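S.K.: Prediction below, plus the sequence it came from.
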Amino acid sequence: MSAPTIVFDLDGTLVDSCPDLIGTLSWLLEREGLDPIVYDEARALIGHGIKPMVEKALKLKGRGESRDEIEAVYERYIAVYETRLTQETRPYPGLLAALDRFAADGMILAVCTNKIERLARQLLDELDMSRRFAVIAGADTYGVRKPDPAHLLRTIAAAGGDPARAVMVGDSETDIRAAQGAGIPVVAFSGGYTAIPLPDLDPTVILDHYDGLPDAVSRLLTR
Ligand SMILES: O=C(O)COP(=O)(O)O
Ligand SMILES: [Mg+2]
């Protein structure tokens, strides 16, 4: 029997990346000559990937009619964001201790994010966290992205895990829907960024602090 696999979302789950994601977005809107975006409004745009976030932000400001424009603005976003991935971004309180505990228990850890893989790796490298994960799968790794359950299932397979002994940990709709589609229990972390209230998404468990994650995971694995 393979070891249990815990798959983590990245933004809003492993790391509080909102300050750098939204900081870059605010810089971008100003550069484009557009009005600033309200912080809480911007938070709800995170979760589907950076390009959808940039596109939605442009549309909120009455721009982004053509694909070419969206692509050009997205490129400008990435050029700045990759220089400040971890200016303010940090792992959530209690997370590293929970990851230590899982590693000591021999569990397989993996990341399944809608960030592109290159940026996800660079971000985790800068925080010295990459070495903790057997696999880091981004939106471009397999050509499928959350909420498609195939993104999650392929991540588990690449990590050498078994979907029947796996748990997903995420913060938003894409994570919860991917896990539900894959038939995998999902812990929803309430410290992240969700456009839809978590209870409406019906995750298996809602967790407010990572101190409680090891117990929550062991309950889910033994049910
Ligand atoms: O960058 C995003 O919008 C999404 O990233 P996540 O899947 O790690 O939450
Ligand atoms: Mg997220």
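M.R.: Yes, it's here. Numbers count the residues shown, from 1 in each chain. Ligands and ions are numbered 1, 2, ... in the order given.
S.K.: For the protein, name the helix or strand with the lowest mean pLDDT.
M.R.: In the chain, no helix or strand scores lower on mean pLDDT, DSSP states H and E than helix 39-43, which sits at a mean of 90.
S.K.: now the helix or strand following it: mean pLDDT?
M.R.: As assigned by DSSP states H and E, the chain's next helix or strand after helix 39-43 is helix 50-60. What helix 50-60 shows for mean pLDDT is 95.
S.K.: For helix 50-60, buried residues please.
M.R.: Neighbour-count burial for helix 50-60 flags 50-58, 60 (criterion: 16 or more other CB atoms under 10 Å). Every residue, glycine included, has its C-beta placed from N, CA and C.
S.K.: picking up where we left off before, what does the least confident helix or strand of the chain contact?
M.R.: Applying CB atoms under 8 Å, 6 or more residues apart in numbering, the contact partners of helix 39-43 are 18, 22, 25-26, 57, 60, 193.
S.K.: Can I get the buried residues of helix 50-60 in a markdown table including distance to Arg131?
M.R.: Output for the buried residues of helix 50-60, formatted as a markdown table (distance: CB to CB, whole Å):
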| residue | distance to Arg131 |
| --- | --- |
| Ile50 | 25 |
| Lys51 | 28 |
| Pro52 | 30 |
| Met53 | 28 |
| Val54 | 31 |
| Glu55 | 34 |
| Lys56 | 34 |
| Ala57 | 34 |
| Leu58 | 37 |
| Leu60 | 39 |
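S.K.: near ligand 1 too, which of these?
M.R.: 50, 53 (CB under 6 Å from any ligand atom).
S.K.: Tell me the buried residues within the contacts of helix 39-43.
M.R.: Buried among the contacts of helix 39-43 by 16+ other CB under 10 Å: 18, 22, 25, 57, 60, 193.
S.K.: And those residues, which is closest to ligand 1?
M.R.: Comparing those against ligand 1 with CB to the nearest ligand atom places Tyr193 closest, at 7.5 Å.
S.K.: Quick check: the residue of this protein nearest ligand 2.
M.R.: Gly12 (3.8 Å; CB to the ion).
S.K.: So that residue sits against Gly192, correct?
M.R.: Yes - here Gly12 lies in contact with Gly192, judged by CB atoms under 8 Å, at a distance of 2.7 Å.
S.K.: tell me which parts of the chain are close to ligand 2?
M.R.: Proximity of the chain to ligand 2, by CB under 5 Å from the ion, involves residues 9, 11-12, 47, 171-172.
S.K.: No further queries at this time; thank you.
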